[in-house]
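> Generate a structure from the sequence data that follows.
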Amino acid sequence: MKPEYLLFLLIFPGLLFSGVVGLLVGWVDRKVSARFQFRVGPPLWQNFNDFFKLLGKEVIIPREAAGSLFISAPFLAFAATVMVSAMIGTALFFQKGLAGDLIVVLYLMMVFSVMVILGGGASGNVYSGVGAAREIKLLLADELVFLLVMLVPIIKSGYQLRLDALAAAQQEGAFLASPSGIIAFILGILCVQAKMTLPPFSIPEAETEIVEGPLMEYSGPLLGFWKLTQAMMWVFFPFLLILLFWGGFSYRGLGILWFLLKYLFIVVVMIIIKNTNPRVRIDTALHFFWKIAAPLALIAVILAVIGA
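Model (predicted):
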C-alpha cells in the first residue's frame, strides 16, 4: 500500500478526521434536539467524554451470546465505516479514487447493517433479536430506493462508477440542478435517515420499546465503537450526497465556505426531520419505501435516462 493511502485511511479524511468531526456533529445533533425539547443540551465535549469513558469500562458478554461474533461485529462495522469515509473523502477532497468505486462503497455501507444484525442476533437477548429482525426489514425496505437513487448520478455522468469521475462530471453544473437530481437527492436524504436509524426510522433501536434493540447487551469499548461508528455516519453520508448530486468540493474561491454550507444544510435538514416526526411502525416504513419512494426513484431514473 502506498504511504499516502495509509494517510488517507488513518488521518484525513479517514479515521481521525471522520471520528472527530462525527463526534462534533453528533454534539450538534444532541444540542439542537435538546433545543427542540426546550432543554439546554450537553456541553461541546460530551460525546468525546462518553466515548473515552466507555473505553475504560468493563466489557460484559452475555452467557447466552455467541462470543466471537458478538465481539467482532462492532469492529468489522467500524473498519468498513473507516474505509468508506476514506474512499468518499479522498474522492471529494483530492479527486482521487481509493481502492474501489461506487459499487464497493455501497457494499461496504451495507456491512454496517449486516454487522448490527449479526451482533444483535449473537447476543442471545430476545429484545436484541427483535431489533435485529427490524434492522433486516428496514434494510430490505430502503436498499432498493437507495440503489435507484445511486443510479441517477451514474446515468447523468455517462455511466461512470468511480467516485472522482462522478464529481468531475459535475464541473459544468451539479446534478441537483435537474428534476431527476432533485427527486433523487430528496429520496437520498430519506434513505440516509433510515440507514442511520434516525427518527422516523429509528425502528430497530426503539428505546422506549426494545431499549436500543441490537445494541442492548453491548457495553464498554464494544459499545463505544458502535457509537463512534454511528457518529462517523454523520460525516460520510452527507459527503456522499454532496459528491454525487451537489458538485462535490472545490478549493477555488469560496469553495470551502460553499462546501461547509452545503454540508450544514444536509445535517440541519436531517436533524429537523428527526425532531419533527414520530417513529413509524415497520410496516409503515415498508409501505413508504416500496409503494411511494421506489416509484418516485424509478421516475428519477427514467428522467435521468432521457436527460432531464
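> Now do the SS call for Pro43.
Pro43 falls in the coil class when you classify it by DSSP: H, G, I helix; E, B strand; the rest coil.
> Pull the contacting residues for the nearest residue to Ile117 once chain neighbours are set aside.
Nearest-residue entry for Ile117: Ala132, 4.7 Å, with adjacent residues in sequence omitted and distances by C-beta to C-beta, 6 or more residues apart in numbering. C-betas here are computed from N, CA, C, even on glycine. By C-beta atoms under 8 Å, 6 or more residues apart in numbering, the contact set of Ala132 is 116-118, 120-121, 204, 213-214.
> for Leu243, same thing?
Leu243 makes contact with 88, 91-92, 163, 166-167, 249, according to C-beta under 8 Å, 6+ apart.
> if you set the cut-off to 10 Å instead, what comes out?
Neighbouring residues of Leu243 by C-beta atoms under 10 Å, 6 or more residues apart in numbering: 88-89, 91-93, 102, 153, 163-164, 166-167, 170, 236, 249.
> From those, pick the one nearest Thr229.
Proximity of those to Thr229, judged by C-beta to C-beta, is greatest for Phe236, which lies at 10.6 Å.
> Glu64 against Gly121, yeah?
No - with contact defined as C-beta atoms under 10 Å, Glu64 does not reach Gly121; the gap is 11.4 Å.
> between those two, which one's more packed in?
When neighbours are counted by other C-beta atoms under 10 Å, Gly121 comes out ahead of the other of Glu64 and Gly121, with 22 against 11.
> Which residue, neighbours along the chain excluded, lies closest to that one?
Nearest in space to Gly121, with sequence neighbours left out and distances taken as C-beta to C-beta, 6+ apart, is Ala132 at 4.6 Å.
> Just the pLDDT for the one you found.
With respect to pLDDT, Ala132 scores 90.
> Same question for Gly173.
Listed pLDDT for Gly173 reads 87.
> what's the closest non-adjacent residue to it?
Closest residue to Gly173 apart from its sequence neighbours, by C-beta to C-beta, 6+ apart: Gly247 at 7.8 Å.
> list the contacts for Ile302?
Applying C-beta under 10 Å, 6+ apart, we find Ile302 in contact with 155, 180, 308.
> Top of those by number of neighbours, please.
For the contacts of Ile302, counting by other C-beta under 10 Å, the largest number of neighbours falls to Ser180: 26 neighbours.
> Any figure for the gap between the nearest residue to Leu176 once chain neighbours are set aside and Gly119?
Nearest in space to Leu176, with sequence neighbours left out and distances taken as C-beta to C-beta, 6+ apart, is Phe245 at 4.5 Å. Noted for Phe245: a distance of 32 Å to Gly119, by C-beta to C-beta, to the nearest Å.
> Which elements pack onto the helix or strand of the chain with the lowest mean pLDDT?
When each helix and strand of the chain is scored by mean pLDDT, DSSP states H and E, helix 207-210 comes last, with a mean of 74. For helix 207-210, the helices and strands in contact under the criterion 3 or more C-beta pairs under 10 Å, 6 or more residues apart in numbering; DSSP states H and E are helix 126-156.
> in the helix it packs on, what counts as buried?
Of the residues in helix 126-156, those buried under the neighbour-count criterion (16 or more other C-beta atoms under 10 Å) are 127-136, 138-139, 141-146, 148-156.
> after it, next one along is what?
helix 163-168 (DSSP states H and E).
> next one: that next one to chain centre, how far?
For helix 163-168, the separation from the chain centroid amounts to 20 Å (computed by C-alpha atoms, centre = their mean, to the nearest Å).
> Pull the distance from the following helix or strand past it to the chain's centre.
Scanning forward in sequence from helix 163-168, with DSSP H and E defining helices and strands, the next element found is helix 179-195. The chain centroid and the centroid of helix 179-195 are separated by 13 Å, computed with C-alpha atoms, centre = their mean.
> average pLDDT across helix 179-195?
96.
> Restrict that helix to CA atoms and write it as PDB.
As requested, the backbone C-alpha atoms of helix 179-195 are provided in PDB (Å, rounded to 0.1, in the frame of the first residue of the first chain):
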ATOM      1  CA  PRO A 179     -35.600  17.300 -12.000                       C
ATOM      2  CA  SER A 180     -34.100  13.800 -11.700                       C
ATOM      3  CA  GLY A 181     -31.400  15.200  -9.400                       C
ATOM      4  CA  ILE A 182     -33.800  16.900  -7.100                       C
ATOM      5  CA  ILE A 183     -36.000  13.800  -6.700                       C
ATOM      6  CA  ALA A 184     -33.000  11.600  -6.200                       C
ATOM      7  CA  PHE A 185     -31.400  14.000  -3.700                       C
ATOM      8  CA  ILE A 186     -34.600  14.200  -1.500                       C
ATOM      9  CA  LEU A 187     -35.000  10.500  -1.500                       C
ATOM     10  CA  GLY A 188     -31.300  10.100  -0.800                       C
ATOM     11  CA  ILE A 189     -31.700  12.100   2.400                       C
ATOM     12  CA  LEU A 190     -34.700   9.900   3.500                       C
ATOM     13  CA  CYS A 191     -32.700   6.800   2.800                       C
ATOM     14  CA  VAL A 192     -29.800   8.100   4.800                       C
ATOM     15  CA  GLN A 193     -32.200   8.800   7.600                       C
ATOM     16  CA  ALA A 194     -33.200   5.200   7.500                       C
ATOM     17  CA  LYS A 195     -29.700   3.800   7.200                       C
END
